[in-house]
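A.B. asks: This is the structure alone, sequence omitted:
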């Protein structure tokens, strides 16, 4: 075993031992430990030139020899300024962002119908925005106290869901809901009964439509109608007398009627827009059967569809369930359900959308529709208020100044939420919400337990057995700026 001294920069390492039975690379590794210079960067000057790996150490080195080394050391790894932060140590608001979804809701005793309704509506940013603007004490004179209280409770619950990671107990909301609508407080053997989620959805939206109106506005703008309202134009005809009339109405959802002929949502919607009604005929002087045929004349930003799965069964004296499988798509096109007037207004935006999709596939845009528009059009989610014409209002800048482009509805919608029911009766079983997050991921909200799901599994909730099946679907409008 020999000892040598090695000079490196301003440092001198004395009495460095060399095992002459080992190759020169082992000596370089020793120097790496002393200096931090990796072996491949080391240049060691010995008598006669540079140290070479092929020459044995016994031939190169001798006792007390002085060597010089050149080379740059690796940068010393600094300790991180901040240590690792675990999710549970983050503030709760940051934990929500990290998780990518909001909190679940505790079941307070057969309240899954309420929890699933809240989770679906909570996913609508425009509704949350309207609720945030609602004043605690700014109740209008024509609004009853319980409606005001339910609106405040909804706003506060939405806010709590956004800020919480742990499950939330919706006690205040449930208490006010029962006060406003006593049917949700029905008891059986001292236990609160299961209720119909569609009824809860409808009643809650009705209340919010009354409270979320612009105060002092001559137009009395209804925020809920602006988000969910569907304008229907109906033709009512009596074949027996030849009488014919027309009417318009605004609804918050379309009905998908289910029969042995219906296998797909689109077929059920067509059935739902046709109905028979019996009323007095002035021409005949008695009751007669009238056929009512409806068309969509104004589209919403969020299209809600109810699968009419429950009917009253006299034999059992309860709401029975239609288990038939009815498929529904991730992308829904309602163009052929619209009136001629609305179809004409949708043609331009739909062509722009097709051209944009064609560009993505490397196809040339339609010259007629895009040649005169020197704009770069992108598909967007709808922003601004929609109106009966199928257009949405101009977007505004941060300063409140309108910008040139307006977002236009196309009649095409993307699925963003599904409320399902598992069981044989509306007054029993279990309700669950399946909600698409801003990230594009789907979360199953089974009361207090949020569970990530794959998108391909969402469309499998179509029925045909005792598993969860779609009861309410909510679609978000796809629009183009023009």
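C.D. replies: Now that the structure is in, tell me what you want to look at. Treat the numbers as computed from the prediction; the structure is a model and nothing was measured. Numbering: from 1, shown residues only.

A.B. asks: Could I get the full set of strands for the stretch 101-250 of the chain?
C.D. replies: With DSSP state E, counting those that start in this stretch as the criterion, the stretch 101-250 of the chain has strands at 187-188, 191-192, 230-237, 244-251.

A.B. asks: which of the ones you listed is buried the deepest?
C.D. replies: Of these, the one with the most neighbours on average (mean count of other C-beta atoms under 10 Å) is strand 230-237, at a mean of 18. Where you see a C-beta, it was placed from the backbone N, CA and C, and this is true even at glycine.

A.B. asks: Listing partners with orientation, what would you give for that one?
C.D. replies: With DSSP bridges as the test, strand 230-237 is paired with strand 244-251 (antiparallel), strand 286-298 (antiparallel).

A.B. asks: got the ones you listed as TSV, with mean pLDDT columns?
C.D. replies: Shown next, in TSV, are these (pLDDT from 0 to 100):
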stretch	mean pLDDT
strand 244-251	93
strand 286-298	93
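
A.B. asks: which one of those strands lies closest to residue 170?
C.D. replies: strand 244-251 (27.2 Å; C-beta to C-beta).

A.B. asks: Next, count neighbours for residue 416.
C.D. replies: A count of nearby residues for residue 416, using other C-beta atoms under 10 Å, gives 21.

A.B. asks: Work out for me the element it sits within.
C.D. replies: Per DSSP states H and E: residue 416 is located in strand 402-422.

A.B. asks: And that strand, how far out from the chain middle?
C.D. replies: Remark: strand 402-422 is offset 11 Å from the chain centroid, using C-alpha atoms, centre = their mean, to the nearest Å.

A.B. asks: just to revisit the earlier point, just put the strands of the stretch 101-250 of the chain in CSV and tack on distance to residue 71.
C.D. replies: Formatted as CSV, the strands of the stretch 101-250 of the chain follow (distance: least, C-beta to C-beta, whole Å):
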stretch, distance to residue 71
strand 187-188, 84
strand 191-192, 78
strand 230-237, 76
strand 244-251, 79
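
A.B. asks: so which of those strands gets nearest residue 46?
C.D. replies: With respect to residue 46, and counting by C-beta to C-beta, the nearest of these is strand 230-237 at 89.2 Å.

A.B. asks: circling back to that earlier point, minimum distance to residue 273: which of the strands of the stretch 101-250 of the chain has it?
C.D. replies: Nearest to residue 273, of those and by C-beta to C-beta, is strand 230-237 at 7.9 Å.

A.B. asks: Run a quick neighbour tally on the nearest residue to residue 224 once chain neighbours are set aside.
C.D. replies: Among residues not flanking residue 224 along the chain, residue 209 sits closest, at 3.8 Å (C-beta to C-beta, 6 or more residues apart in numbering). The local packing of residue 209 (other C-beta under 10 Å) involves 20 other residues.

A.B. asks: Likewise for residue 118?
C.D. replies: 26.

A.B. asks: My guess is residue 61 contacts residue 18. True?
C.D. replies: Yes: between residue 61 and residue 18 there is a contact under C-beta atoms under 8 Å: 5.3 Å.

A.B. asks: Give the residues shared as contacts by these two.
C.D. replies: Common contacts of residue 61 and residue 18, defined by C-beta atoms under 8 Å, 6 or more residues apart in numbering, comprise 2, 4.

A.B. asks: rewinding a little: which residues belonging to the strand holding residue 416 are considered buried?
C.D. replies: For strand 402-422, the neighbour count (16 or more other C-beta atoms under 10 Å) marks 406-413, 415-422 as buried.

A.B. asks: Then stretch 189-202?
C.D. replies: Within stretch 189-202, judged by 16+ other C-beta under 10 Å, the buried ones are 192, 194-198, 200-202.

A.B. asks: out of those, who's nearest residue 271?
C.D. replies: Looking across the buried residues of stretch 189-202 and measuring by C-beta to C-beta, the closest to residue 271 is residue 198, at 17.6 Å.

A.B. asks: ok, the residue nearest to the closest one when sequence neighbours are not counted - contacts?
C.D. replies: Nearest residue to residue 198 in three dimensions, chain neighbours excluded: residue 306, at 5.5 Å (C-beta to C-beta, 6+ apart). Shown in contact with residue 306 (C-beta under 8 Å, 6+ apart): 198, 253-256, 471-472.

A.B. asks: tell me which of these is nearest to residue 41?
C.D. replies: residue 472 (67.3 Å).

A.B. asks: what is the closest one paired to in the beta sheet?
C.D. replies: Counting by DSSP bridges, the residues bridging with residue 472 are residue 306, residue 419.

A.B. asks: Near it, how many other residues are there?
C.D. replies: Counted with other C-beta under 10 Å, residues neighbouring residue 472 total 24.

A.B. asks: What's the separation between it and residue 458?
C.D. replies: 13 Å (C-beta to C-beta, to the nearest Å).

A.B. asks: Need the residues touching each of those two.
C.D. replies: Common contacts of residue 472 and residue 458 (C-beta under 8 Å, 6+ apart): residue 418.

A.B. asks: By mean pLDDT, flag the weakest helix or strand of this structure.
C.D. replies: Ranked by mean pLDDT, DSSP states H and E, the weakest helix or strand in the chain is helix 367-370, scoring a mean of 43.

A.B. asks: What are the boundaries of the helices in the protein?
C.D. replies: For the chain, helices defined by DSSP state H occupy the ranges 24-35, 57-60, 92-99, 112-122, 125-132, 145-163, 171-180, 197-211, 223-228, 265-272, 340-360, 367-370, 455-458.

A.B. asks: Out of those, which gets nearest to residue 74?
C.D. replies: That would be helix 24-35 among the helices of the chain, by C-beta to C-beta, at 9.1 Å.

A.B. asks: quick one: buried residues of the closest one?
C.D. replies: So helix 24-35, judged by 16+ other C-beta under 10 Å, has buried residues 24, 27-28, 30-32, 35.

A.B. asks: end to end, how far does stretch 32-40 reach?
C.D. replies: Chord length of stretch 32-40, first to last residue, is 10 Å (C-alpha to C-alpha, to the nearest Å).

A.B. asks: meant to ask about stretch 316-330
C.D. replies: Terminal-residue distance, stretch 316-330 (C-alpha to C-alpha): 36 Å.

A.B. asks: can you list the residues that contact it?
C.D. replies: 196, 256, 258, 260, 262-265, 268, 305, 307-313, 414-415, 421, 423-427, 455, 458-459, 462-466, 469-470, 473.

A.B. asks: Just the buried ones among those, please.
C.D. replies: Among the contacts of stretch 316-330, those classed as buried by 16+ other C-beta under 10 Å are 196, 256, 258, 262, 265, 268, 305, 307-310, 415, 421, 425-427, 458, 462-463, 469-470, 473.

A.B. asks: on that earlier part again, tell me the angle the strand holding residue 416 makes with helix 112-122.
C.D. replies: If you take axes from the mean of the first three to the mean of the last three C-alpha atoms, to 10 degrees, strand 402-422 sits at 160 degrees to helix 112-122.

A.B. asks: related to what we said a few turns ago, in JSON lines: the buried residues of stretch 189-202, plus distance to residue 449 and pLDDT.
C.D. replies: As requested, the buried residues of stretch 189-202 are exported to JSON lines (distance: C-beta to C-beta, whole Å; pLDDT from 0 to 100):
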{"residue": "192", "distance to residue 449": "20", "pLDDT": "91"}
{"residue": "194", "distance to residue 449": "18", "pLDDT": "91"}
{"residue": "195", "distance to residue 449": "21", "pLDDT": "92"}
{"residue": "196", "distance to residue 449": "22", "pLDDT": "92"}
{"residue": "197", "distance to residue 449": "18", "pLDDT": "94"}
{"residue": "198", "distance to residue 449": "23", "pLDDT": "95"}
{"residue": "200", "distance to residue 449": "20", "pLDDT": "97"}
{"residue": "201", "distance to residue 449": "21", "pLDDT": "98"}
{"residue": "202", "distance to residue 449": "26", "pLDDT": "97"}
